[in-house]
Every structure is written in C-alpha cells, then in structure tokens.
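In: Sequence first, then the predicted structure, then my questions.
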Amino acid sequence: MALKINLSQREQRVLIAAGVFIVLMVLYLSVDSVLQKYDKLADKIARKGEEIEKISRLRDQYMQAHRQLADIKAKLNQMERGFSMLSFIEDLAKKQGIREHIGSVKPKKVPLNESYEENIVELKMENISLPELVDFIYKIENSGHLLKVKRLRVKTRYDNHDLLNVTLQVTTYRKKA
C-alpha cells in the first residue's frame, strides 16, 4: 500500500534539505572517523620510528661494547704467561728515574669470576713532580699491556708545593691458571 502525502513545494524543499543535511552529516562523521584513525596511525608510525632509531643506537652501542670486549679478551689471551705487572712497573720506574720516590708497593689479586682475576699493584710515591707523574702514568697506560690506572690520590706537600705525594693503583686482568 502506497502512502501518498501531499506536501506543498515549500515543505518538499525543507524535506529535501533535511535529507541532504542528514546525508552530509553521515558522510562527514564517517570521513572524520577515518581521518582520526589515520592521524592515530600516523602518530603510531612516528613513535615506532623513534623506537626503531633508539633500538638502532642501542644495537650500535652493544656492537661497540662487544668489539671492545673481544679486543680485551684478545689482549688477555696474548699477554705473556711470564708477564709480571710488579716487575714491569719497577723496571719502568727505574728507566724513568723515579724508583727512589716509591715508598711502598703492595700487590694483590681479586677474583672476578670463575675465569678471570684482577691483579692490582698499589704504589705509594713521595716527593715526585707532576711532569714525572704524568709521564709515568702515560707510559703505564700506553705500554701495550692491558694496564690501567684504577685509582689515583694526589696530595701536594706542605714543605714544597711543587712536589707531590701520590697513591696509585695500577690494575690488569688475567685468566686464572
């Protein structure tokens, strides 16, 4: 059964305008929701890009640390079996002409894990000049052996401010026998 409604021309225009308005609102709401989803996806893509960059930087840092560890292990494996850090430091002090400034020498070993141990030599030096100390430390750290100055305590002398009293810890690592 067909329902016939008699509407004036004005009412027909209002009805058509309302229909067009409703269609436009439905179109607007659907397009707006799609655009909002697009914006959310664009934000998510940007965040994921930042995360990828961060992961890439972390990977580069890890690879650099891994290479450094491999270099250190290679140096440890190449270190001569008969190498004595204590003898090396004493010989270096004689060559530098500062052996008489060394008051005491204390060697000790600290186990790090089941495979490696840390060898430490603590030197107490008195009446040494700053250039002599700097040169001595430079030659220790650039000796080609895996030697590092772990701790350094410097005090100026009260009787002569140009001379220093120094406590120096030199360390190396070694595979346990």
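Out: Ah, there it is.

In: ranges for the helices of the protein?
Out: Remark: helices of the chain, listed N- to C-terminal, are 9-78, 85-96, 130-141; assignment by DSSP state H.

In: So for I120, which of these sits nearest?
Out: Nearest to I120 among these is helix 85-96; the distance by Cβ to Cβ comes to 8.7 Å. All C-beta atoms are positioned from the backbone trio N, CA, C, and that covers glycine.

In: Buried residues of that closest one, list them for me.
Out: Applying a neighbour-count criterion of 16 or more other Cβ atoms under 10 Å, one finds 85, 88-90, 92-93 buried in helix 85-96.

In: Need the residues you listed in CSV (columns: distance to L15).
Out: Formatted as CSV, the entries for those read as follows, by distance: Cβ to Cβ, whole Å:
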residue, distance to L15
M85, 99
F88, 102
I89, 102
E90, 107
L92, 103
A93, 106
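
In: which stretch among the helices of the chain comes nearest T172?
Out: In terms of Cβ to Cβ, the element of the helices of the chain nearest to T172 is helix 85-96, at 5.4 Å.

In: And the contacts of the closest one?
Out: For helix 85-96, contacts defined as Cβ atoms under 8 Å, 6 or more residues apart in numbering pick out 99, 101-102, 105, 107, 119, 121, 123, 132, 135-136, 139-140, 143, 145, 147, 170, 172.

In: Just give me how far that helix sits from the chain centre.
Out: 34 Å (Cα atoms, centre = their mean, to the nearest Å).

In: what's the angle between it and helix 130-141?
Out: The directions of helix 85-96 and helix 130-141 differ by 140 degrees, with axes from the mean of the first three to the mean of the last three Cα atoms, to 10 degrees as the criterion.

In: circling back to that earlier point, between the helices of the chain, which one is nearest to S115?
Out: Comparing the helices of the chain under Cβ to Cβ, the one sitting nearest is helix 9-78, at 9.8 Å.

In: Mind checking the pLDDT average for stretch 43-52?
Out: Across stretch 43-52, the average pLDDT comes to 94.

In: before we move on, what about stretch 93-104?
Out: Per-residue scores along stretch 93-104 average to 89.

In: what's the first-to-last distance across that stretch?
Out: Criterion Cα to Cα, to the nearest Å; first-to-last residue distance in stretch 93-104 is 13 Å.
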